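S.K.: One predicted model, sequence on top.
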Amino acid sequence: MEYLLKALAMVIQVVFGAVATLFLFRLLAEANRADFQNPLSQFVYRYTNPVLAPMRRVLPNWRRFNFAALLVLWFTLMLERVLIYALFGLDPSWSGVLVLSIADVIDFVLLFYIVVIFGWSLLSMFSADPYHPLIRLAGTIVQPVLRPLRGKLVVGNIDFSPTVVVIVLLLARMLLVAPLLDFGNELARMG
């Protein structure tokens with residue numbers, strides 16, 4: 001029975017992770033002014049807009065920051081955590097779930113950036129088509145994070161700024177998210 005529960009938990013994580021990724025793409029694409037003519041941008045817009053359009057009437061954007069997408073991302077990760085707790089028969093405190101879901105959002109964004117920066121860097125090494133929709137969207141999303149170090153860490157013809165940014169993001173996961181998760185787990189056990 002334990003194996004079945006773990007398999008169901010994995011399915012829940014995959015499904016909710018896909019939904020969270022879609023809304024995170026929407027949040028970051030809007031914040032970084034991604035090209036709307038990009039087919040991937042249109043895909044993200046098409047599948048997130050039915051949820052976000054009614055919410056944006058109540059929770060409008062501030063400059064280019066889509067608060068509705070952030071709220072859906074947070075709610076998705078919180079619901080994932082609640083479902084996994086329920087699947088294993090646990091009854092955590094709500095304060096713990098709230099702290100854990102905030103930590104999950106931060107961790108999800110950091111891990112997302114690590115994966116996208118790594119993939120974008122890898123594709124740029126193999127002289128892939130710079131006009132490919134995936135490379136253009138990934139480049140638009142990672143450029144603001146890489147811009148402060150761009151051109152400052154070049155050795156030969158290799159720019160090490162993506163490597164340094166990934167290391168900083170990994171350190172943020174260890175030093176910021178891990179303690180927050182530990183604190184949230186302690187609060188959750190009190191329930």
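M.R.: Ah, there it is.
S.K.: Low-confidence stretches in the protein?
M.R.: Within the chain, the stretches with pLDDT under 70 are 191.
S.K.: Would you map the helices across it?
M.R.: In the chain, the segments counted as helices under DSSP state H are 2-31, 39-58, 67-87, 94-125, 133-146, 161-172, 178-189.
S.K.: I'd like to know how far the residue lying farthest from the centre of the chain sits from residue 71.
M.R.: Here the chain has its C-alpha centre computed as a mean, and the residue farthest from that point, by C-alpha atoms, centre = their mean, is residue 156 with 32.6 Å. Using C-beta to C-beta, to the nearest Å, one obtains 45 Å as the distance from residue 156 to residue 71. (Each C-beta comes from the backbone N, C-alpha and C, glycine too.)
S.K.: ok, now residue 27?
M.R.: The gap separating residue 27 from residue 71 is 10 Å, by C-beta to C-beta.
S.K.: got it, and residue 114?
M.R.: Separation of residue 114 from residue 71 (C-beta to C-beta): 24 Å.
S.K.: Look at those two and report which has more neighbours.
M.R.: Between residue 114 and residue 71, counting by other C-beta atoms under 10 Å, residue 114 is the more crowded of the two (18 against 15).
S.K.: Which residue, neighbours along the chain excluded, lies closest to the more buried one?
M.R.: Closest residue to residue 114 in three dimensions, ignoring its sequence neighbours and counting by C-beta to C-beta, 6 or more residues apart in numbering: residue 169, at 5.1 Å.
S.K.: So residue 45 is in contact with residue 23, correct?
M.R.: No. With contact defined as C-beta atoms under 8 Å, residue 45 does not reach residue 23; the gap is 11.4 Å.
S.K.: out of those two, which sits in the more crowded spot?
M.R.: Taking neighbours as other C-beta under 10 Å, residue 45 and residue 23 compare with residue 23 leading, 25 against 17.
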